[in-house]
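K.L.:
Give me a model of this one.
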Amino acid sequence: MWIPRSTMFTDFTAAVFFAIVIHKFLVMMIKDCGGQKLLLERFENGHFKISTGPCCCCCLCLPRVRITRRSLFWLKLGTLQFAFLRPVLMFLSIVLWTNGNYTLYNVSTKGAAIWISCVVGVLTIIALWPVAIMFQQVRTLLICKKIIPKFALYQFIVILNHLQASVINILAIRRIIPCAPPLSSSARGAYMTQQLLIMEMFLITLISRVVYRRKYDDLEPPECKAEEAGDNKQTPKVILNGTVSEDGLPRV
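P.N.:
As a prediction, the model looks like this:
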């Protein structure tokens, strides 16, 4: 916030952290279901609904995908690619910026910023899609673990880190945010973005502590339900010589 030229480096650190968070959120939902093995047992005959945001929310005609190890692998791969490629692209941006070939606010087709931003945008959408698919499948099962508030916080972070920053950057490019020496319009836009994020993330941190830093009971394994149903059935009683035996043997 106080050193505008460090924006590229702070954005690189935040990009690395956030890219890992998306993948870890997907892994967290799988682990909350008891792990991959128990997840496949719970939804043995289930299907993933892939007509969801942010990619295919309008494509309601898409077929459902069967829940298998292979489909779970592709969901994990969709978030893992972002955790790997986003830091690589941000590092490439810093290298080009130090050589004078990259300007964050240069939106011309001859500049590298517009192409790198487009690739990062596509990778972001691809990474958010598996998380939304998994959430639609397990939100009813994990309602006891507050998965809906957790997902809401996750969505707020996505919006604040991407949409809000993009809107402010566009306003700075259009000079709607005026310059105030010694800060240019772009520097003031970055300054405002950091100010807002510091306050917003502080509030989200307080709410996250309430949701995350507590102990939740583990879900019961799928086979326990069948065992409990069998235990609840009354054992037939046999009357022998005026005494009652639950296992069919006379009492001593």
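K.L.:
in the protein, which spans are helices?
P.N.:
Assigned by DSSP state H, the helices in the chain fall at 7-32, 36-42, 69-98, 112-138, 147-158, 165-173, 185-212, 222-231.
K.L.:
From the contact counts, what lies against the fourth one?
P.N.:
Right, helix 112-138. helix 7-32, strand 47-48, helix 69-98, helix 147-158 (3 or more Cβ pairs under 8 Å, 6 or more residues apart in numbering; DSSP states H and E). For the C-beta atoms, the positions are set from N, CA and C on the backbone; glycine is no exception.
K.L.:
Run through the stretch 1-150 of the chain and note the low-pLDDT ranges.
P.N.:
Per-residue confidence for the stretch 1-150 of the chain (pLDDT under 70) gives these ranges: 1, 4, 55-60, 104-107.
K.L.:
For residue 119, which of the helices and strands packed on helix 112-138 is the nearest?
P.N.:
helix 69-98 (6.4 Å; Cβ to Cβ).
K.L.:
tell me which residues of that closest one are tucked away?
P.N.:
Within helix 69-98, the residues scored as buried using 16 or more other Cβ atoms under 10 Å are 71-72, 75-76, 78-80, 82-83, 85-87, 89-90, 93, 96-97.
K.L.:
before we move on, what about stretch 94-112?
P.N.:
96-97, 102, 104, 111.
K.L.:
To what extent is residue 137 buried, counted in neighbours?
P.N.:
Number of residues near residue 137 (other Cβ atoms under 10 Å) recorded here: 22.
K.L.:
quick one: it and residue 46 touch, right?
P.N.:
Yes - using Cβ atoms under 8 Å, residue 137 makes contact with residue 46 at a distance of 7.1 Å.
K.L.:
Please enumerate the shared neighbours of these two.
P.N.:
Common neighbours of residue 137 and residue 46 (criterion: Cβ atoms under 8 Å, 6 or more residues apart in numbering): residue 67.
K.L.:
from what I can see residue 40 touches residue 67, true?
P.N.:
Yes - the pair residue 40 / residue 67 is scored as a contact, 6.7 Å apart, by Cβ under 8 Å.
K.L.:
Neighbour count: those two, which is higher?
P.N.:
Taking other Cβ under 10 Å, residue 40 and residue 67 do not tie; residue 67 has more neighbours (19 against 16).
K.L.:
show me the residues around that one that make contact.
P.N.:
Residues near residue 67 by Cβ under 8 Å, 6+ apart: 39-40, 43-44, 46-48, 137.
K.L.:
do the same with residue 48
P.N.:
Counted by Cβ under 8 Å, 6+ apart, residue 48 has contacts 64-67, 71, 75, 133-134, 136-137.
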